[in-house]
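>>> my questions concern the predicted model and sequence given below.
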Amino acid sequence: MSLEAKDVAKIAHLARLAITEQEMPVYAASLSKIFTFVEQLNAAEVGDVEPMAHPLPGQVQRMRMDDVTEVDAHEKFQRNAPRVETALYLVPKVIE
């Protein structure tokens, strides 16, 4: 995929980047290479590839038990709040 200067200008505007006219060809070439590489990655057949939990074969990640270790104390914390309604903290409006 080949980008033109107007494409780079649009991308720069969206990213809030200030790119000069002298820098435009460099950015266009670099971004074109990136898009070409992404197109190559998209062309790879990955339908039969199984997801893996670890990039190295034979390695496993230690897992911990998914147990609750703390009690629900939101009522205790909300006792200190100036205003609470239906288990939600009420705060003053700051945007008009």
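Perfect, I can see it now. Quick caveat: nothing in here was measured; it's all calculated off a predicted structure.

>>> neighbours of Ser32, how many?
16 (other Cβ atoms under 10 Å). Where you see a C-beta, it was placed from the backbone N, CA and C, and this is true even at glycine.

>>> rounded mean pLDDT for whichever helix or strand it is part of, please.
Element membership for Ser32, per DSSP states H and E: helix 24-43. For helix 24-43, mean pLDDT is 92.

>>> can you list contacts of it?
Helix 24-43 has contacts (Cβ atoms under 8 Å, 6 or more residues apart in numbering) with Met1, Ser2, Leu3, Glu4, Ala5, Asp7, Val8, Ala9, Ile11, Ala12, Ile19.

>>> how close does Met1 sit to Thr69?
According to Cβ to Cβ, to the nearest Å, Met1 stands 50 Å off from Thr69.

>>> comparing the two, which residue is more hemmed in?
Higher neighbour count among Met1 and Thr69: Met1, with 12 against 5, using other Cβ under 10 Å.

>>> what's the closest non-adjacent residue to the more buried one?
Phe35 (4.2 Å; Cβ to Cβ, 6 or more residues apart in numbering).

>>> where in the protein is the helix or strand with the lowest mean pLDDT?
For the chain, using mean pLDDT, DSSP states H and E, the weakest element among its helices and strands is helix 74-78, scoring a mean of 89.

>>> most remote residue from this structure's center?
Going by Cα atoms, centre = their mean, the residue of the chain most distant from its centre is Arg79, 35.9 Å out.

>>> what residue lies at the spatial centre of the protein?
Mean-position check on the chain, Cα atoms, centre = their mean. Result Ala15 at 15.3 Å.

>>> can you tell me how far that one sits from Ala9?
On the measure of Cβ to Cβ, Ala15 and Ala9 end up 11 Å apart.

>>> next: Leu88.
Leu88 sits 45 Å away from Ala9, going by Cβ to Cβ.

>>> quick one: which of the two has more around it?
Ala9 (16 against 10).
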